[in-house]
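A.B. asks: 3D model of this:
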Amino acid sequence: MMKYLVLIGDGMADEPEDFPEGNTPLVQAKIPHLDLLARKGTLGLVRTVPEDMHAGSDVANMTILGYDPKKYYTGRAPIEAFGRGLELNPGEVAFRCNLVSLKNENNQWLMEDYSADHISSEEAKQLIQALNQKLSSSRVKFYPSVSYRNLCIIKEINPERIKIPPPHDILNQPIEKYLESLKSSSEGRFILELMERSREIFRSHSVNQARKEKGKKPADMVWLWGQGTKPELPTLKERFGIHGVVISGVDLVRGLGRLAGLEVVLVPGATGYIDTNYQGKVEYALRSLEQGADFVYLHLEAPDEASHAGDLELKIKAIELFDQKIVAPILEGLKKFPSWRLLVMPDHTTPVQLRTHHSDPVPFVVLSSEEFYSESQSPRAFSELEAKKTGIYLEQGDMLLEKYLLGNKYGKGSGN
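C.D. replies: Residues are numbered from 1 along each chain as shown. Have a look, this model is predicted:
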């Protein structure tokens, strides 16, 4: 029976024009196993984010899983809530609840860090508990999750009347102009009050005092964004007759997997950062296939986090770790299965210089067991420009999964 694996290196792709001769992090990184896939498999470009939609991991991963986000997307937070195991009832709206750090320059508060210096999950839990003690009600409840990524569920609120950007999109920008826009509606004023009161609660909290003493950035407030109601998706079992698992350190991808009918596999030590449990992710993926799963969706967040930090060296390291500790052992482990097909790609571009997501097409590579054992190969590497040279391009990214699962042609150019 055919086994299918999808490996996602979140935010690995970059902007070739930002680097001399197009030497993006993917080119600079030592990635022999990704390059092997490119030489032996089908390499191309795919648009994972429709041009008129926000370039988020929510939209991009929904697309990769074969769902048109224009049809199914309702917001980021409800997906994360589903990944957290929270069922949204009618009338409930989920918000992403980032713990963020601010800095004051020229009497203006700027968004310094969208992650509060990658605050630990235990510290975050204590801060979220403090919010619930002071702010929770029959209408509002806060939920801790992983590190800075937390959730808030609110009843009786219209999500479409609230416009607030992701904090990683406004780094080093004054927050007041974004908060000011909330004052134009009762819903916005309610959200603004919660955010402002969180500043009061966090200001003297022992977690922040301890962080300051250690030279770490405090969590100055919560930033509520990405709101929406529960989406409804047909499962992959219903669409393609396959069943499988999703493996990720972040609730967003877990939630998309659950909505697609996949089982969420929780890997101890999966952090959503560069210190994640690589070996555990690989072992759980291969074990799932051995135990009867048809399909594994394995996601690594680390390259995206490095991009948001604007750290080129860290991004290169994260890409190399993806190659060494995910792709290499997966290829080795697949040798025990007679028939398989592998898809490897970023979900979206996260340019280091931009420090946020972008909607440009991303490279993808598909390799089958037959191609892996074949002597045939092309002289190319896994990168943005090399993928463009093949001439293979999918404008409608949600069609990629179906083509991958069915082994169909991917588009114009060399290869399948």
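
A.B. asks: So which residues make contact with the helix or strand residue 364 falls within?
C.D. replies: For residue 364, the host element (DSSP states H and E) is strand 362-368. For strand 362-368, contacts defined as CB atoms under 8 Å, 6 or more residues apart in numbering pick out 12-13, 26, 34, 37-38, 40-46, 48, 340-349, 382-384, 386-387, 400, 404, 407, 410, 416. No exception for glycine: its C-beta is placed from N, CA and C like everyone else's.

A.B. asks: Give me the buried stretch members for the following helix or strand past that strand, please.
C.D. replies: Once strand 362-368 ends, the next helix or strand along the chain (criterion: DSSP H and E) is helix 369-373. For helix 369-373, a neighbour-count test (16 or more other CB atoms under 10 Å) marks 369, 371-372 as buried.

A.B. asks: Next: stretch 96-107.
C.D. replies: 96-102.

A.B. asks: Show which residues not belonging to that stretch make contact with it.
C.D. replies: Outside stretch 96-107, the residues within contact range by CB under 8 Å, 6+ apart are 76-77, 80, 109-117, 119, 124, 127-128, 142-143, 148-152, 166-167, 175, 217-227.

A.B. asks: Which pLDDT value does the model give residue 412?
C.D. replies: Confidence at residue 412, expressed as pLDDT, is 62.

A.B. asks: Grab the most central residue of this protein for me.
C.D. replies: Central residue of the chain (CA atoms, centre = their mean): residue 57, 4.2 Å from the mean position.

A.B. asks: Residue 149 versus that residue, what's the distance?
C.D. replies: With distances taken as CB to CB, to the nearest Å, residue 57 is found 11 Å from residue 149.

A.B. asks: can you check residue 345 too?
C.D. replies: In this view, residue 345 and residue 149 are 23 Å apart by CB to CB.

A.B. asks: got it, and residue 158?
C.D. replies: The gap separating residue 158 from residue 149 is 24 Å, by CB to CB.

A.B. asks: Can you show me the CA trace of the strand ranked longest in the chain as PDB?
C.D. replies: Scanning the chain for the longest strand, with DSSP state E as the assignment, gives strand 92-105. Output in PDB follows, covering the C-alpha atoms of strand 92-105 (Å, rounded to 0.1, in the frame of the first residue of the first chain):
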ATOM      1  CA  GLU A  92     -18.300  31.900  20.200                       C
ATOM      2  CA  VAL A  93     -15.300  33.600  18.600                       C
ATOM      3  CA  ALA A  94     -11.700  32.600  19.100                       C
ATOM      4  CA  PHE A  95      -8.900  35.100  19.200                       C
ATOM      5  CA  ARG A  96      -5.100  34.400  19.000                       C
ATOM      6  CA  CYS A  97      -3.700  35.800  22.200                       C
ATOM      7  CA  ASN A  98       0.000  36.600  21.800                       C
ATOM      8  CA  LEU A  99       2.200  37.600  24.700                       C
ATOM      9  CA  VAL A 100       4.200  40.500  23.400                       C
ATOM     10  CA  SER A 101       6.900  42.900  24.500                       C
ATOM     11  CA  LEU A 102       6.800  46.600  24.000                       C
ATOM     12  CA  LYS A 103       9.400  49.400  24.100                       C
ATOM     13  CA  ASN A 104       9.000  53.100  24.500                       C
ATOM     14  CA  GLU A 105      10.700  55.500  22.100                       C
END
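
A.B. asks: For residue 345 and residue 149, work out which one has more neighbours and name it.
C.D. replies: Neighbour tally, residue 345 and residue 149, criterion other CB atoms under 10 Å: the higher count belongs to residue 345, 25 against 22.

A.B. asks: Leaving out sequence neighbours, find the closest residue to the more buried one.
C.D. replies: residue 364 (3.8 Å; CB to CB, 6 or more residues apart in numbering).

A.B. asks: Can you report how many residues lie near the one you found?
C.D. replies: 27.
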